[in-house]
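Peer 1: sequence unknown, structure follows:
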């Protein structure tokens with residue numbers, strides 16, 4: 001377009017020159033003088049505007065006429081003026097801040113994220129990101145840290161409080177009664193055996209034989225020994241034990257309640273038993289070594305990492321697990337106008353702060369880019385951008401000069 005406009009401007013000047021030459025032979029006639037005055041003024045106007053346009057960028061015809069080549073001579077002034085205009089007028093702090101305050105960054109960001117949540121490329125990106133995050137986990141470095149934290153947690157456990165909690169759990173769950181029933185079951189299973197009866201009978205006979213008595217007591221013992229055999233005596237003791245066990249099994253029997261009451265009392269004293277607490281403290285300190293804590297943590301973390309990597313590689317990982325969570329978070333933010341307003345205010349404040357800290361860089365950027373351009377390149381750039389309009393000034397100068405020349409020639413002929 002610039003070359004086309006320049007061509008038209010040259011043609012207009014040529015037409016005016018040709019017209020002037022063509023009217024010279026008939027200049028003595030009225031119409032010849034009239035047209036010659038128009039073409040003459042057109043030539044002068046076209047040449048004057050060509051000179052003016054050329055003088056902006058270079059010396060016309062290479063002649064160093066004063067006040068020509070204005071742009072190269074005044075480059076520094078023009079550059080400074082341009083930088084100042086851009087920095088202080090077109091892109092001033094106030095202008096940028098006022099414009100930015102009209103933009104709802106958070107709302108637009110939420111809308112942008114929500115509109116792309118079902119994008120398959122986003123799903124693949126989320127899966128790849130999660131996989132990279134898992135791959136970045138160094139289990140060898142993580143294991144000692146976890147082991148150290150677990151050790152600290154174990155050392156910070158209040159042993160007395162732990163015992164109280166265990167006792168409370170035991171009593172609330174009725175484990176003291178269940179334990180007693182378990183013991184009674186085992187005793188009963190032992191008591192009903194024939195071998196047990198014989199053992200009990202033999203033990204009783206030996207006990208009677210070992211009694212040191214005389215007089216009537218010796219007579220009574222011997223008489224009793226003569227009436228019962230080892231089998232009968234064992235059977236009596238066996239039946240007594242089984243009967244006693246049945247009584248102890250009865251939920252409301254006084255003997256059972258007495259035993260359970262004793263057990264509960266002893267359990268409630270355990271958190272104040274110094275010997276037990278000391279043993280538990282020692283056992284607690286040895287616990288990590290007993291269980292080979294670091295070794296087990298390594299295995300556990302490796303298994304968890306492998307399962308997590310397999311999980312994030314599944315096609316449904318992002319759409320079924322990540323996207324619903326993100327969508328729910330976005331909905332909760334959208335439903336909270338106060339949170340959105342706080343977020344917008346925070347973003348605006350950060351942008352304004354950054355703008356205040358870096359506003360001078362706008363002028364520096366313009367200055368640096370202009371300094372990169374030599375005079376020839378800058379002139380070429382400006383001619384490329386505004387050359388079309390400048391060439392039309394030449395066209396307008398020739399046409400206006402022609403019209404004005406016709407008017408002046410007419411007045412001259414008239415008077």
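Peer 2: The structure has been received and is ready for your questions. These numbers were taken from a predicted model, which means no experiment stands behind them.
Peer 1: now do the buried residues in stretch 328-348.
Peer 2: 330, 340, 343-344, 347-348 (16 or more other C-beta atoms under 10 Å). Every residue, glycine included, has its C-beta placed from N, CA and C.
Peer 1: any residues touching that stretch, and which ones?
Peer 2: Applying C-beta atoms under 8 Å, 6 or more residues apart in numbering, the contact partners of stretch 328-348 are 100-101, 104-107, 110, 113-114.
Peer 1: one step back: okay if I get the buried residues of stretch 328-348 as a markdown table plus pLDDT, distance to residue 188 and secondary structure?
Peer 2: As requested, the buried residues of stretch 328-348 are exported to a markdown table (pLDDT from 0 to 100; distance: C-beta to C-beta, whole Å; DSSP: H, G, I helix; E, B strand; the rest coil):
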| residue | pLDDT | distance to residue 188 | secondary structure |
| --- | --- | --- | --- |
| 330 | 85 | 66 | helix |
| 340 | 85 | 73 | helix |
| 343 | 86 | 72 | helix |
| 344 | 84 | 77 | helix |
| 347 | 86 | 77 | helix |
| 348 | 82 | 81 | helix |
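Peer 1: for those, which one is nearest residue 152?
Peer 2: residue 343 (37.6 Å; C-beta to C-beta).
Peer 1: for the contacts of stretch 328-348, work out which two are farthest apart.
Peer 2: Pairwise over the contacts of stretch 328-348, using C-beta to C-beta, the maximum falls at 101 and 114, 23.6 Å.
Peer 1: nearest to residue 352 among the contacts of stretch 328-348?
Peer 2: The closest of the contacts of stretch 328-348 to residue 352 turns out to be residue 100 (C-beta to C-beta; 7.4 Å).
Peer 1: now do the contacts for that closest one.
Peer 2: 348, 351-352, 355.
Peer 1: residue 26 too?
Peer 2: Residue 26 neighbours (C-beta under 8 Å, 6+ apart): 32, 36.
Peer 1: got the buried residues for stretch 188-199?
Peer 2: Buried-residue list, stretch 188-199, by 16+ other C-beta under 10 Å: 188, 191, 196-197.
Peer 1: lowest-confidence one in the residues you listed?
Peer 2: In terms of pLDDT, residue 197 ranks lowest among those, with 80.
Peer 1: what's the spacing between it and residue 326?
Peer 2: 75 Å (C-beta to C-beta, to the nearest Å).
Peer 1: picking that back up, got a ChimeraX select line for the buried ones in the contacts of residue 100?
Peer 2: The ChimeraX command for the buried members of those (criterion: 16+ other C-beta under 10 Å) is given here:
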select :348,351
